[in-house]
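> sharing a sequence plus its predicted fold:
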Amino acid sequence: MTEAAALLRRMFDAAVAAAQPEICLPGALPAPPGGRTVVLAAGKAAAAMARAVERVWDGPLSGLAITRHGHAVPCDRIEVVEAAHPVPDAAGAAATARMLDLARGLGPDDLALCLISGGGSALLVQGLPGVTLADKQAVNRALLASGATIAEMNTVRRHLSAVKGGRLAAACHPARVVTLMISDVPGDDPGTIASGPTVADPTTVAEARAVLARYGIAPPPAVAAALDRPEAETVKPGDPRLAGAEARIVASPQMALEAAAALGWAAGIPVHILGDALEGEAREMGRVMAGIARQVATRGQPFARPCILLSGGETTVTLRNPGGRGGRNVEFLLALAVELAGHPGIHALAADTDGVDGAEEVAGALIGPDTLDRMRKAGIDPRAALAANDAHTAFAAAGAQVVTGPTLTNVNDFRAILIG
């Protein structure tokens, strides 16, 4: 690994470390209640968040955490269940039903401590009456392949769910509800993180229908019927069941980028954060970032070289080849590499802070001036791989993948471009 690549990898690791639950969560915990404390946790960081609470909580504690397969950690008092992501499965559905039962059993002296992180939209799964798990899976797959933004996808998910869009908090009434969140969404909107199971939802069922129409998604008949019924509407601001409910973000993409930036500055290289909420088609963003990097390298604009450009957020991928092995971070990075065409002195890393990019157990990849040549020597045409949504295959052939395993947190995409 080159010195430049090693620095970018250390910066990525620093970003992930800053968002670890044991670092960011203890200081945000509320005081214990007079009654019971029940933890209701969902997301890729759910088990790690539950463990962080167990280590510092003074008093009785119980509850349930639903996390992605491979993201469980041992807990003593809080049960941990693994389920599928990004397409929900029966394990998630069964665990969600049990979580709702726990919520409905709470009283006015109890505390529902809700620990929510990215991935919860797929892990918390219970459809409205008449909407089956198979229906939910079909809609999820169509949305994931459509190029819809995370906010658009979650607008649909909230209006098909018996637990999202404030419904979990409503089920906890009359208990006190405190939600601690690790944000994985652009703008840190609590209603978009895991589709907002404990916060009021200002969006409407009409907006959900409009998203499906915008992307040409014909929902299963039961879904279409559900979206025409009044009960599809979510819990709205001002609902008395959510009076007094609190939601706090304990870790965010911006916090992670700042931790990475501090490491770059410590290495003597100026760091510029371009934004923590960048969205758009992954390959198009790669082309745009390549243009900015070339301008810095050749003209010293808008920043002098050497420097590092950081950004976060969540790009989208419009799936053209269902058989491709890709993800939004590696698709961004492959498009960046193709546009840079081996430009000397430019290195980059793009990875998902949860350790999983797309459906692969690979966080992302690294590029340098020789990356495309290494792909070609391995028999990979980079442009063809990009066209086929097959970036993981290309980076594996080049020996350029970033593999972390489950990181037990999730603050979205991390992108760093070093211009020497």
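The structure has been received and is ready for your questions.
> against Ile292, how distant is the residue in the chain sticking out farthest from the centre?
Note on the chain: the largest C-alpha distance from the chain mean falls to Arg299, namely 35.5 Å (CA atoms, centre = their mean). Note on Arg299: its distance to Ile292, by CB to CB, to the nearest Å, is 11 Å. In short, each C-beta sits where N, CA and C put it, glycine included.
> next: Pro186.
Computed as CB to CB, the Pro186 to Ile292 distance reads 19 Å.
> okay, those two: which has more neighbours?
Neighbour totals were compared for Pro186 and Ile292, and Pro186 leads with 22 against 16 (other CB atoms under 10 Å).
> and the helices in the stretch 151-300 of the chain?
Per DSSP state H, counting those that start in this stretch, the stretch 151-300 of the chain has helices spanning 167-172, 205-214, 221-226, 253-266, 282-299. These are given in chain order.
> tell me the buried residues in the second one?
Across helix 205-214, burial judged by 16 or more other CB atoms under 10 Å covers 205, 208-209, 211-212.
> quick check, nearest of those to Thr353?
Using CB to CB, Val211 comes nearest to Thr353 of those, at 26.0 Å.
> could the buried residues of helix 205-214 go into a markdown table alongside distance to Arg283?
Converted to a markdown table, those look like this (distance: CB to CB, whole Å):
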| residue | distance to Arg283 |
| --- | --- |
| Val205 | 33 |
| Ala208 | 28 |
| Arg209 | 29 |
| Val211 | 22 |
| Leu212 | 24 |
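> in a markdown table, list those along with pLDDT and distance to Lys136.
Shown next, in a markdown table, are the buried residues of helix 205-214 (pLDDT from 0 to 100; distance: CB to CB, whole Å):
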| residue | pLDDT | distance to Lys136 |
| --- | --- | --- |
| Val205 | 96 | 16 |
| Ala208 | 97 | 13 |
| Arg209 | 96 | 16 |
| Val211 | 97 | 15 |
| Leu212 | 97 | 14 |
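> out of those, who's nearest Trp265?
Of all the buried residues of helix 205-214, Trp265 sits closest to Val211, with 40.9 Å by CB to CB.
> per-residue confidence at the nearest residue to the closest one once chain neighbours are set aside?
The spatial neighbour of Val211 that comes closest, neighbours along the chain excluded (CB to CB, 6 or more residues apart in numbering), is Glu152 at 4.7 Å. As summarised for this prediction, Glu152 has a pLDDT of 94.
> then Met1?
83.
> so what's the nearest residue to it once chain neighbours are set aside up against?
Once flanking residues are discounted, Met1 sits nearest to Arg9: 7.2 Å by CB to CB, 6+ apart. Neighbouring residues of Arg9 by CB atoms under 8 Å, 6 or more residues apart in numbering: 1, 349, 366, 402.
> which of those sits closest to Ile249?
Closest to Ile249, out of all of the contacts of Arg9 and judged by CB to CB, is Leu349, at 25.0 Å.
> any idea which element that closest one lies in?
strand 346-352 (DSSP states H and E).
> other SSEs contacting that strand?
helix 3-18, helix 282-299, helix 328-340, strand 364-367, strand 413-419 (3 or more CB pairs under 8 Å, 6 or more residues apart in numbering; DSSP states H and E).
> now the element after the longest one, going C-ward?
What that stands for is helix 282-299. Remark: after helix 282-299, the chain's next helix or strand is strand 307-316, criterion DSSP H and E.
> that following strand vs helix 282-299, what angle?
Interaxial angle of strand 307-316 relative to helix 282-299 (axes from the mean of the first three to the mean of the last three CA atoms, to 10 degrees): 170 degrees.
> starting at the chain centroid, how far to strand 307-316?
Per CA atoms, centre = their mean, to the nearest Å, the displacement of strand 307-316 from the mean C-alpha position of its chain is 14 Å.
> what is that strand packed up against?
Counting contacts by 3+ CB pairs under 8 Å, 6+ apart, strand 307-316 is packed against helix 3-18, helix 253-266, strand 271-281, helix 282-299, helix 328-340, strand 413-419.
> 7 Å - rerun?
helix 253-266, strand 271-281, helix 282-299, helix 328-340, strand 413-419 (3 or more CB pairs under 7 Å, 6 or more residues apart in numbering; DSSP states H and E).
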